[in-house]
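[1] Give the three-dimensional model of this entry:
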Amino acid sequence: MRIVFMGTPDFAAASLEQLVQDGFDVCAVYTRPDKPKGRGMALSVSPVKELALKLEIPVFQPQTMKTGEEAERIRSFAADAIAVVAYGMLLPDSVISATRCGAINLHGSVLPKYRGAAPIQWAVLNGDRVTGLSTFYLCSEMDAGDLIYTEETEIGEFETSGELFDRMKIQGAALLSRTLQDIDCGIAPRTPQNHSLATKVPRLDKSLSPIDWKKSPRQIVKQICGLQPWPVATMELQGALLKVFSAQYTDTETDAEPGTVVGAGAAGIEIACGGGKTLLITEVQAPGKKCMPAGDYLRGHPIRL
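    Take a look at the predicted model:
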């Protein structure tokens with residue numbers, strides 16, 4: 001089966017690698033344009049581009065897919081399908097219809113739940129115990145096309161978005177490969193989504209970082225886990241803005257105001273939360289410093305209770 005692949009981040013690179021390993025003829029790769037990054041603002045290539053160059057697959061990086069030029073180019077490849085994984089750019093109908101089987105997308109949720117950006121992070125942030133993956137036919141509306149396959153996976157109580165990404169990119173790569181194989185064999189199902197059950201989620205930004213101590217310990221743990229590796233949860237402590245990387249539940253009950261430090265020692269920083277409970281912060285990062293155990297941070301920044 002001849003494939004045009006479209007994707008950008010590491011999550012997508014895993015699928016590209018799987019398709020090549022499974023014998024698909026990936027004739028072209030589309031990825032987002034290189035972006036300036038770091039202090040020197042040097043151009044940074046995407047993980048998908050890096051892998052495609054290594055595999056000697058032609059790479060295309062248009063600023064937009066809305067011109068007829070890209071649809072014509074894709075038609076010239078005589079590909080059977082377009083495989084899309086976290087490309088980050090909407091495809092017009094002219095591109096979607098430029099191959100025999102259309103465009104097939106791998107999405108990080110069980111659709112129609114969590115259409116849009118950052119579905120994996122929002123599953124963690126919302127405290128879901130189960131999430132999953134979907135393959136579906138692209139259409140003009142975002143993440144609304146007919147479903148092909150879905151698979152579920154449990155979310156660990158303290159599993160971060162980054163850790164979940166690492167698991168799901170492997171699971172998703174295998175699901176995408178299976179989907180394309182079954183499409184090629186003519187045995188893939190096609191099921192319209194129940195649009196009445198659809199939910200949409202936005203991209204993450206730093207406004208989500210500050211911890212609201214009035215929330216329950218579990219809500220705060222899920223915020224800490226869901227915002228890793230970016231933008232990371234934050235808290236203020238003695239005038240310093242700390243990034244928070246891990247926490248543990250406690251059995252402590254307190255009538256202290258949420259946000260009050262009720263304990264500080266080698267184990268970490270215990271803070272009052274909503275519902276009369278507390279949470280033990282165990283890993284933090286001060287500005288300009290590396291992430292460290294909260295107990296180590298306290299040695300240089302003692303708290304008087």
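[2] Could you use CA atoms for every contact and neighbour count after this?
    Fine.
[3] remind me which residues of the stretch 151-300 of the chain are low pLDDT?
    The model of the stretch 151-300 of the chain has no residue with pLDDT under 70.
[4] all helices for it, in order.
    Remark: helices assigned in the stretch 151-300 of the chain by DSSP state H, counting those that start in this stretch are 161-185, 217-226, 294-300.
[5] JSON lines for these, including mean neighbour count and distance to Met89?
    As requested, the helices of the stretch 151-300 of the chain are exported to JSON lines (neighbours: other C-alpha atoms under 10 Å; distance: least, C-alpha to C-alpha, whole Å):
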{"stretch": "helix 161-185", "mean neighbour count": "19", "distance to Met89": "19"}
{"stretch": "helix 217-226", "mean neighbour count": "25", "distance to Met89": "24"}
{"stretch": "helix 294-300", "mean neighbour count": "16", "distance to Met89": "40"}
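[6] Mind putting those into TSV with distance to Gly88?
    Below are these laid out as TSV (distance: least, C-alpha to C-alpha, whole Å):
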stretch	distance to Gly88
helix 161-185	16
helix 217-226	20
helix 294-300	37
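[7] Select, out of those, the one closest to Asn126.
    Minimum separation from Asn126 across these (C-alpha to C-alpha) falls at helix 217-226, 7.0 Å.
[8] got the contact list for the closest one?
    Here helix 217-226 makes contact (C-alpha atoms under 8 Å, 6 or more residues apart in numbering) with 121-127, 158-161, 209, 211-213, 232-233, 244-249, 273-274, 277-279.
[9] How about stretch 12-28?
    Stretch 12-28 is contacted from outside by 1-5, 7, 47-48, 51, 57-60, 77, 79, 85-87, 169-170, 172-174, 176-177, using C-alpha under 8 Å, 6+ apart.
[10] Which among those residues count as buried?
    By neighbour count, with 16 or more other C-alpha atoms under 10 Å, the contacts of stretch 12-28 hold 2-5, 7, 47-48, 51, 59, 79, 85-87, 169, 172-174, 176-177 as buried.
[11] Inside strands: which ones of the contacts of helix 217-226?
    Ala233, Val244, Phe245, Ser246, Ala247, Gln248, Tyr249, Lys277, Thr278, Leu279 (DSSP state E).
[12] mind listing what the closest residue to the first one other than its chain neighbours touches?
    The spatial neighbour of Ala233 that comes closest, neighbours along the chain excluded (C-alpha to C-alpha, 6 or more residues apart in numbering), is Ser209 at 4.2 Å. Taking C-alpha under 8 Å, 6+ apart, we find Ser209 in contact with Gln223, Leu227, Pro231, Val232, Ala233, Thr234.
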